[in-house]
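J.: Mind folding the following:
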Amino acid sequence: MPTQNPTPRGRGTAANPHNRFAPTTSEAYDDGWEKDVPPTRATEVRLEQAKTVLTRNQSPDVGFDRSVNPYRGCEHGCIYCFARPSHAYWDLSPGIDFETRLIAKTNLAERLEQELSKPGYVPQPLALGVNTDAYQPLEREQRLTRQALDILLRFRHPVHIITKSSLVLRDLDLLVPLAEQRLVSVSLSLTTLDDELKRIMEPRAASPSARLRALRTLHEAGVPVSVMCAPMIPMINDMELESLLQAGREAGARSAGYVLLRLPHEVAPLFEGWLAEHFPQRAEHVMSLVRQSRGGKAYDSTFGSRMRGEGLFADLLAQRFKLACKRLGFNRREENFGLDCSRFAPPGHQMALL
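T.: Sure, this is the predicted structure:
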């Protein structure tokens with residue numbers, strides 16, 4: 001577990017561990033100056049010309065085989081974010097670099113249109129904002145997510161949106177016509193109803209009330225919405241599971257899901273450092289339950305169990321989720337949450353007669 005300075009307000013961590021691909025490492029030396037003074041770190045944005053923007057996956061754990069991520073890194077600063085290790089691919093740290101040194105794919109619209117227009121392209125629902133949030137604060141100025149939605153609407157291409165930001169409401173003028181053609185669903189990630197816990201766990205994400213308001217507004221506008229309780233962290237927010245599902249249902253969600261905390265690669269020591277800072281008395285118990293659910297390790301990436309875990313705690317969480325969904329009427333078979341791929345029509349291409 002890395003030693004770190006106190007976390008500055010508005011950030012998820014002060015630590016900046018070396019990424020696992022770095023050829024050399026350096027060690028910080030405490031000379032006694034500026035002791036206990038939280039460091040400050042402004043957000044930097046690097047503009048990138050991406051060669052491709054459609055990412056393919058063959059994971060059996062997720063319900064899509066392609067995704068679009070307008071940004072690398074995420075200013076929300078969620079300490080638990082499973083995507084933090086991906087910053088190592090760009091010679092950046094999964095720590096505070098992930099929250100402050102962001103990369104925007106400025107040619108996303110151009111590349112997306114080219115890839116969807118390729119002869120032989122077969123449409124399937126794509127996920128928007130899976131690795132990092134497509135509606136993080138940077139989207140207000142870059143508007144790459146909005147550009148992508150505009151293209152998907154013109155192409156009549158189905159899309160799943162996953163976010164924890166109320167900024168999604170800005171694009172209602174695109175989401176409503178997409179919904180009218182069964183081309184969109186929006187999942188709001190809801191992790192806690194406690195504003196203080198949200199502040200230290202997801203410092204720059206929307207408040208719980210703002211997320212519920214976004215759910216309600218989208219539902220009232222006719223956009224299918226679901227609530228994703230992710231991640232569920234033992235002894236930190238797992239006790240809120242039923243309350244989160246209840247709040248999501250009351251806000252209009254008709255489907256729900258959950259994910260047990262995932263701590264791949266550099267995320268594990270970052271999370272343990274966060275526990276030591278904010279929950280020192282229960283830190284050992286939290287990690288004990290995590291390891292019990294991951295075969296004795298901090299993380300197990302095995303398909304089939306990586307999202308849910310295994311063992312007594314994981315099984316109990318799964319039972320609680322199932323019972324709550326049954327009581328609240330989530331995920332009913334008679335409700336069709338599927339999107340329509342048959343409407344796909346690249347602009348300028350001749351449509352089939354049959």
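
J.: per-residue pLDDT, Val223?
T.: In this model, Val223 is scored at 97, pLDDT.

J.: Correct me if wrong: it contacts Pro177.
T.: No - using Cβ atoms under 8 Å, Val223 makes no contact with Pro177, being 10.3 Å away. For the C-beta atoms, the positions are set from N, CA and C on the backbone; glycine is no exception.

J.: Look at those two and report which has more neighbours.
T.: Val223 (22 against 13; other Cβ atoms under 10 Å).

J.: Am I right that that one falls within a helix?
T.: No - if the criterion is DSSP: H, G, I helix; E, B strand; the rest coil, then Val223 is coil and not within a helix.

J.: which residues touch it?
T.: Leu172, Leu175, Val176, Leu178, Ala179, Val184, Ser185, Val186 (Cβ atoms under 8 Å, 6 or more residues apart in numbering).

J.: What number of residues are in the vicinity of the second one?
T.: A count of nearby residues for Leu175, using other Cβ under 10 Å, gives 25.

J.: hang on, isn't it packed against Leu183?
T.: No - contact between Leu175 and Leu183 fails when scored by Cβ under 8 Å: they sit 9.4 Å apart.

J.: Now Leu116. Nearest residue, chain neighbours left out?
T.: Phe155 (5.3 Å; Cβ to Cβ, 6 or more residues apart in numbering).

J.: got a list of what the one you found touches?
T.: Glu113, Leu116, Phe344, Ala345, Pro346, Pro347.

J.: Could you report the separation of it from Thr100?
T.: 34 Å (Cβ to Cβ, to the nearest Å).

J.: Check Glu240 too.
T.: On the measure of Cβ to Cβ, Glu240 and Thr100 end up 29 Å apart.

J.: In the protein, what residue spans correspond to helices?
T.: For the chain, the helices defined by DSSP state H occupy 96-100, 108-116, 139-142, 144-155, 172-180, 195-201, 208-220, 241-250, 267-278, 283-292, 312-328.

J.: Single out the most deeply packed of these.
T.: helix 96-100 (a mean of 24; mean count of other Cβ atoms under 10 Å).

J.: Can you show me the CA trace of that helix as CSV?
T.: The C-alpha coordinates for helix 96-100 follow below in CSV (Å, rounded to 0.1, in the frame of the first residue of the first chain):
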residue,chain,number,x,y,z
ILE,A,96,-3.9,11.3,-9.7
ASP,A,97,-2.7,11.4,-13.4
PHE,A,98,-5.9,9.5,-14.2
GLU,A,99,-8.0,12.3,-12.8
THR,A,100,-6.0,15.2,-13.9
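
J.: What mean pLDDT does that helix get?
T.: 95.

J.: what's the offset of that helix from the middle of its chain?
T.: Counting by Cα atoms, centre = their mean, to the nearest Å, helix 96-100 is centred 15 Å from the centre of its parent chain.

J.: Just give the number of residues close to Gly311.
T.: 15.

J.: check contacts around it.
T.: By Cβ under 8 Å, 6+ apart, the neighbours of Gly311 are Gln292, Ser293.

J.: so what pLDDT did it get?
T.: 96.

J.: ditto for Phe64
T.: 87.

J.: in the sheet, who's paired with the closest residue in space to it that isn't next to it in sequence?
T.: Excluding the flanking residues, the one nearest Phe64 by Cβ to Cβ, 6+ apart is Ala127, at 4.5 Å. Beta bridges link Ala127 to Ser67, His160 when assigned by DSSP bridges.

J.: What distance do you get for Ala127 to Thr52?
T.: 16 Å.

J.: Show me which of these two is the more surrounded one.
T.: Between Ala127 and Thr52, counted using other Cβ under 10 Å, the more crowded position is Ala127 (22 against 11).

J.: Am I right that the more buried one is in contact with Arg66?
T.: Yes - between Ala127 and Arg66 there is a contact at 7.4 Å, judged by Cβ under 8 Å.

J.: Look up phi and psi at the nearest residue to Pro203 once chain neighbours are set aside.
T.: Counting by Cβ to Cβ, 6+ apart, Pro203 lies nearest to Gly77, which is 4.6 Å off, once chain neighbours are set aside. Backbone torsions for Gly77, taken as degrees, to the nearest 10, come to phi 70, psi 20.

J.: number of nearby residues for Gly77?
T.: Quick note: Gly77 (other Cβ under 10 Å) scores 23 neighbours.

J.: sorry, back to before: what sits against the residue nearest to Phe64?
T.: When contacts are counted by Cβ under 8 Å, 6+ apart, Ala127 touches Val62, Phe64, Arg66, Ser67, Val68, Val159, His160, Ile161, Ile162.
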